[in-house]
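>>> Sequence unavailable; structure follows:
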C-alpha cells in the first residue's frame, strides 16, 4: 500500500509528506513531551490499511478512499499536521497538533465533503468504523470528560452533508 500512496501523491501533485515509521514514532514522543511542557493538546489518529480495505470491501474502493483523503488533506493543509507510517507500515498515523477533538471533527468534515463531491459515499462508513481519535492529554486524564468524548463519538458516527445539500 505504501507504494500506491506515493503514486497517488505524485499523480495528483499533492504537497504531502509522509514520515517513515521510525521518524513518526519519534515525532509522537516529541509531541507528548511538548504537550506536557506547554500544557497543550493534540489529536492522534490511526488509519490501518487492512481495516480500511475490509470496510471498503475491495482494493479499488480502498484506493479511492486514500485518494479522497489525501486530496482533502492537501487542499486544507494546516501546515502543522503530521502524517507518518505506523510500525511495520500497517497504516498511516496522523497528528493534529495544537488541536482537540473539534480539530478532528473539522478535518473529518473536509474529508467527507470532498468524498461527497467525488461521489464516494463509502468514506463515511470507513471513517466511522476505522478511525478512533485519541486526544492527548485527555486520554490519560481522570475520565472527567467521558460524556463529552461519548457525545463526540456519536457525532463522528453521523454522516456529514456536503455544502451543496446543506445550503439548498
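Nice, I can see it. Bear in mind that the values here come from a model prediction, so they are computed numbers and not experimental data.
>>> buried ones in the helix or strand hosting residue 116?
When elements are assigned from DSSP states H and E, residue 116 belongs to helix 101-117. Buried residues in helix 101-117, defined by neighbour count with 16 or more other Cβ atoms under 10 Å: 101, 103-105, 107-116. Where you see a C-beta, it was placed from the backbone N, CA and C, and this is true even at glycine.
>>> and the angle for the next helix or strand after it with helix 101-117?
Moving toward the C-terminus from helix 101-117, the next helix or strand (DSSP H and E) is helix 122-130. Here helix 122-130 runs at an angle of 150 degrees relative to helix 101-117 (axes from the mean of the first three to the mean of the last three Cα atoms, to 10 degrees).
>>> next structured bit after helix 122-130?
strand 134-136.
>>> Which strands border that following strand, and is each parallel or antiparallel?
strand 42-48 (antiparallel) (DSSP bridges).
>>> any idea how far residue 1 is from residue 105?
Counting by Cβ to Cβ, to the nearest Å, the gap from residue 105 to residue 1 is 26 Å.
>>> Could you do residue 20 as well?
For residue 20, the distance to residue 1 - Cβ to Cβ - is 15 Å.
>>> Show me which of those two is the more surrounded one.
Shown here are residue 20 and residue 1; by other Cβ atoms under 10 Å, residue 1 has more neighbours (18 against 11).
>>> The more buried one contacts residue 49, doesn't it?
Yes: counting by Cβ atoms under 8 Å, residue 49 is a contact partner of residue 1 at 4.6 Å.
>>> Can you tell me the closest non-neighbouring residue to residue 17?
Excluding the flanking residues, the one nearest residue 17 by Cβ to Cβ, 6 or more residues apart in numbering is residue 83, at 7.1 Å.
>>> so the one you found bridges to which residues?
residue 94.
>>> That one - how many residues pack around it?
18.
>>> Would you enumerate the residues in contact with it?
16, 17, 18, 19, 24, 73, 92, 93, 94 (Cβ atoms under 8 Å, 6 or more residues apart in numbering).
>>> ok, it to residue 16 distance?
The spacing between residue 83 and residue 16, counted by Cβ to Cβ, is 7 Å.
>>> who touches both of the two?
With Cβ under 8 Å, 6+ apart as the test, residue 83 and residue 16 both reach residue 73.
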